[in-house]
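Asker: Structure for the following, please:
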Amino acid sequence: MQNDNLKSYLNLHLIVFIWGFTAILGALITITADALVWYRMFFAAVFLALFLVFKKKSFRIPLKSFLKLIFVGLLIALHWIFFFKAIHVSNVSITLSVFSLGAFFASILEPLFYGRKVLWYEVFFGLIIIAGLALIMKVEINYLDGMLYALASIILGVLFTLMNGKLIADHDPSVISFYEFLAGVGFISIYFLFQGKFSLDFFVLTANNWILILVLASVCTAYAFTASVKVMQKLTPYTVMLTTNLEPVYGIVLAYFILGGKEKMSFEFYIGALIIVITVILNGAIKHYQKGKTE
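Answerer: Coordinates of the predicted model:
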């Protein structure tokens, strides 16, 4: 049993590392953010469909849930478009430092979704996180557009995560993701049709872009999702949450060594990012302690 937990824990770190690498791929793929998300969701839906057929799982889902999934699919599409747009107009380090705010926004929005009261320490930590972000914005003001795109992305990300939390309780996570990705492709396709973007040129990509997109859709999306669900069955939510908070750290370190130049930030940036990450981890530790006292 302990070996299973250790294996799951190592797998979780691999998954979080893969998620951090997603941002690197976004910087390396040389097409627009909306086109990138269309390809990502299209191929991820294909890979998940193959996975569901292989596992002989049913695609059936109630109409009411299906309509919710369509809306969540739109949120996911917009979340990823803003995410990759943030990377394109700033860089990976800026985008992922803002993404550290995710836990704070979740603590603010969770009470609205699940009817619990706001906790004092969440507000306190939220103020510290804002101070860390203010430090980053002060020294990296040239990347303000990227920060705003990343901010919009993480708010949408928290919203669809909270909605998915309720849907996953009643339905197979792989089936949910399949329909959400399909819906996202549908919404972006409608937008492209109105904009006249679906031309022959849209489907003509360099070999490098094709390879990176397929890695993004298969390894970083379809695989990482299904593997994370399996890991969550073995580890506590606290362990999963704390480890997931390392995604910006992995991403920023990877960006520094892989992308170089543009990713080398000021000393104050790294101080601000460190303040945010440490605060998020402390928030998780206190949550775990409080939960232990009530059990």
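
Asker: so where do the helices sit in the stretch 101-250 of the chain?
Answerer: For the stretch 101-250 of the chain, helices defined by DSSP state H, counting those that start in this stretch occupy the ranges 102-114, 120-139, 144-168, 173-195, 207-217, 224-232, 237-244, 247-258.

Asker: I'd like to know which of those helices lies nearest to residue 30.
Answerer: helix 207-217 (6.2 Å; Cβ to Cβ). The way it works is simple: take the backbone N, C-alpha and C, and place the C-beta from them, glycine included.

Asker: Residues contacting that closest one, please?
Answerer: Contacts to helix 207-217, defined as Cβ atoms under 8 Å, 6 or more residues apart in numbering, come from residues 22, 25-26, 28-31, 36, 39-44, 46-47, 205.

Asker: Repeat the analysis, applying 10 Å as the threshold.
Answerer: Here helix 207-217 makes contact (Cβ atoms under 10 Å, 6 or more residues apart in numbering) with 18, 21-22, 24-26, 28-31, 35-36, 38-48, 181, 205-206, 220-223.

Asker: mind checking which helix or strand of this structure has the lowest mean pLDDT?
Answerer: helix 237-244 (a mean of 62; mean pLDDT, DSSP states H and E).

Asker: and the residue nearest to residue 258 when sequence neighbours are not counted, helix, strand or coil?
Answerer: Closest residue to residue 258 apart from its sequence neighbours, by Cβ to Cβ, 6 or more residues apart in numbering: residue 24 at 5.6 Å. Look at residue 24: counting by DSSP: H, G, I helix; E, B strand; the rest coil, its state is helix.

Asker: Tell me the pLDDT of residue 24.
Answerer: Among the per-residue scores, residue 24 holds a pLDDT of 93.

Asker: Fine, thanks again, bye for now.
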